[in-house]
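Undergrad: what follows is a protein structure lacking sequence information:
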């Protein structure tokens with residue numbers, strides 16, 4: 001995870017913009033978010049999984065997932081997050097796209113997005129001609145346990161005799177996304193910071209071994225509304241730092257706390273509207289993904305023209321590739337049967353200070369300040385920080 005190692009692989013160091021020639025690929029199987037849950041299970045003594053991240057062997061593990069806490073943003077704010085910045089650890093990669101649904105899938109399964117199939121905020125349901133928003137999941141015809149078919153690490157841990165809990169907002173308890181990503185765990189509702197700490201402490205003390213995931217969403221919501229450069233975001237980061245400190249303070253003996261995130265965030269200054277800019281709507285049947293990771297679904301026979309048009313309009317501000325090229329270059333990691341059909345046949349990923357919006361199809365997106373999804377370090381790098389109590 002060192003900067004020197006990144007340089008040896010031709011990747012961007014933390015804090016540097018990725019080169020426009022080609023994106024740094026997520027480090028699946030080496031130092032990616034998908035490697036955290038399997039490494040945690042190995043640390044708990046669950047057989048058949050590899051501890052590729054080298055986590056300390058303990059009988060109790062707590063993973064605190066802070067939505068939107070990118071590595072670069074954390075290191076840029078030591079005054080707001082002194083406890084987190086003093087913890088041991090470094091950056092890992094989130095996975096592509098760098099967005100919540102994909103990362104929750106990876107944290108749930110220990111598999112990369114290409115395998116678990118939660119491949120972005122909006123993806124096509126193959127054979128239907130329609131998009132599915134995986135955050136809202138407003139389609140009862142799509143069973144979340146079939147759409148995300150990979151068994152969870154929570155179920156695997158429970159089968160090995162580990163007490164497993166998922167501590168999060170009670171509003172998410174029965175959501176389709178929770179069914180896709182938290183099944184196999186005892187879902188423990190916690191509506192505020194104090195409850196997150198208290199419920200986590202109780203869950204960690206269950207049984208002889210315990211595995212507890214704590215999810216906190218407020219930093220991401222603040223960034224989307226006000227931006228990661230805002231005072232509001234900085235104040236919210238102070239509460240996140242206190243949350244991590246308080247969980248670390250109540251760890252039972254023989255516990256480790258691992259703090260991580262699902263993605264970073266940027267505040268793009270420039271926006272290009274795919275609904276109004278000439279050429280971007282031609283031959284496009286569906287527009288999915290997100291503003292920093294666009295999936296473009298071409299009409300039959302229009303793929304080459306769509307790829308050429310999006311390449312010409314976006315120029316050197318984005319990586320524009322076919323989905324086959326993205327898959328071959330490892331953007332999604334291992335790819336399960338039928339999963340690649342869910343993403344657009346053209347993929348556009350801004351690496352410049354740019355968001356690809358759609359004013360007619362997605363008016364809500366225009367109100368966002370902070371955004372994420374790309375392969376650039378500011379969005380792709382997330383912390384893996386550890387505190388242990390012997």
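TA: Cool, got the structure. Owing to the predicted nature of the structure, the values given are computational and were not obtained by experimental measurement.
Undergrad: tell me where the stretch 1-150 of the chain is predicted with low confidence.
TA: Scanning the stretch 1-150 of the chain for pLDDT under 70 picks out the ranges 1-21.
Undergrad: domains for this structure, by residue range?
TA: Using automatic domain parsing, the domain parsing of the chain gives 3-117+133-267+375-389, 270-367.
Undergrad: possible to save the ones you listed as CSV with distance to residue 123 and mean neighbour count?
TA: Quick note: C-beta positions are derived from backbone N, CA and C, even for glycine. Formatted as CSV, these follow (distance: least, CB to CB, whole Å; neighbours: other CB atoms under 10 Å):
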stretch, distance to residue 123, mean neighbour count
domain 3-117+133-267+375-389, 7, 20
domain 270-367, 4, 18
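Undergrad: residues touching residue 186, list them.
TA: Contacts for residue 186 (CB atoms under 8 Å, 6 or more residues apart in numbering) come out as 163-166, 203.
Undergrad: farthest-separated two in these?
TA: 163 and 166 (11.7 Å; CB to CB).
Undergrad: between the contacts of residue 186, which sits nearest residue 322?
TA: Nearest to residue 322, judged by CB to CB, of those is residue 166 at 36.9 Å.
Undergrad: before we move on, back to that, narrow the contacts of residue 186 to those in helices?
TA: residue 203 (DSSP state H).
Undergrad: how about the helices in the stretch 101-250 of the chain?
TA: 113-116, 144-147, 153-159, 176-181, 193-204, 218-226, 231-249 (DSSP state H, counting those that start in this stretch).
Undergrad: rewinding a little: in strands, which of the contacts of residue 186 fall?
TA: Members of the contacts of residue 186 lying in strands (criterion: DSSP state E): 163-166.
Undergrad: the helices of the stretch 101-250 of the chain: which one's closest to residue 130?
TA: So among those, helix 144-147 is nearest, using CB to CB, at 13.4 Å.
Undergrad: picking that back up, out of the contacts of residue 186, flag the one nearest to residue 376.
TA: Closest approach to residue 376 among the contacts of residue 186 (CB to CB): residue 166, at 30.0 Å.
Undergrad: please name the nearest non-neighbouring residue to the closest one.
TA: Closest residue in space to residue 166, ignoring its immediate chain neighbours: residue 185 at 3.9 Å, by CB to CB, 6 or more residues apart in numbering.
Undergrad: ok so, going back, Throw the contacts of residue 186 into a markdown table and include pLDDT and distance to residue 118, thanks.
TA: Formatted as a markdown table, the contacts of residue 186 follow (pLDDT from 0 to 100; distance: CB to CB, whole Å):
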| residue | pLDDT | distance to residue 118 |
| --- | --- | --- |
| 163 | 98 | 26 |
| 164 | 98 | 20 |
| 165 | 98 | 22 |
| 166 | 98 | 16 |
| 203 | 98 | 25 |
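Undergrad: coming back round to it: now render the domains of the chain as JSON lines, adding distance to residue 125.
TA: JSON lines is the format used below for those (distance: least, CB to CB, whole Å):
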{"stretch": "domain 3-117+133-267+375-389", "distance to residue 125": "6"}
{"stretch": "domain 270-367", "distance to residue 125": "8"}
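Undergrad: of all those, which one comes closest to residue 124?
TA: Here domain 270-367 is closest among these (CB to CB), at 5.6 Å.
Undergrad: hmm, residue 162 and the residue nearest to residue 166 touching each other?
TA: No. Counting by CB atoms under 8 Å, residue 185 does not reach residue 162; the two are 10.4 Å apart.
Undergrad: ok, residue 386 touching residue 92?
TA: No. Using CB under 8 Å, residue 386 makes no contact with residue 92, being 11.8 Å away.
Undergrad: rewinding a little: between the helices of the stretch 101-250 of the chain, which gets nearest to residue 330?
TA: helix 113-116 (9.0 Å).
Undergrad: who does that closest one touch, helix- and strand-wise?
TA: Using 3 or more CB pairs under 8 Å, 6 or more residues apart in numbering; DSSP states H and E, the elements in contact with helix 113-116 are helix 100-109.
Undergrad: okay, the angle between the helix it packs on and helix 218-226?
TA: For helix 100-109 against helix 218-226, the angle by axes from the mean of the first three to the mean of the last three CA atoms, to 10 degrees is 170 degrees.
Undergrad: which outside residues touch helix 100-109?
TA: 32-34, 36-37, 63, 65, 67, 94-96, 111-113, 115-121, 134-135, 148, 150-154, 177, 180-182, 213, 220, 260-263.
Undergrad: ok, 7 Å please
TA: By CB atoms under 7 Å, 6 or more residues apart in numbering, the surrounding residues in contact with helix 100-109 are 33-34, 36-37, 65, 67, 94-95, 112-113, 116, 118-121, 134-135, 148, 150, 152-154, 177, 180-182, 262-263.
Undergrad: among these, which are in strands?
TA: When DSSP E defines the strands, the subset of the contacts of helix 100-109 inside them is residue 65.
Undergrad: partners of the helix or strand that residue 286 is a member of, with directions?
TA: Element membership of residue 286 [criterion: DSSP states H and E] is strand 284-290. Strand pairing for strand 284-290, determined by DSSP bridges: strand 293-298 (antiparallel).
Undergrad: after the partner strand, next one along is what?
TA: Going down the chain from strand 293-298, the next helix or strand is helix 303-314, by DSSP H and E.
Undergrad: how about residues contacting that following helix?
TA: Against helix 303-314 from outside (CB under 7 Å, 6+ apart): 277, 279-280, 282-284, 296, 298, 320, 322, 345-346, 348.
Undergrad: centre of the chain versus that helix, how much separation?
TA: Helix 303-314 sits 28 Å away from the centroid of its parent chain (CA atoms, centre = their mean, to the nearest Å).
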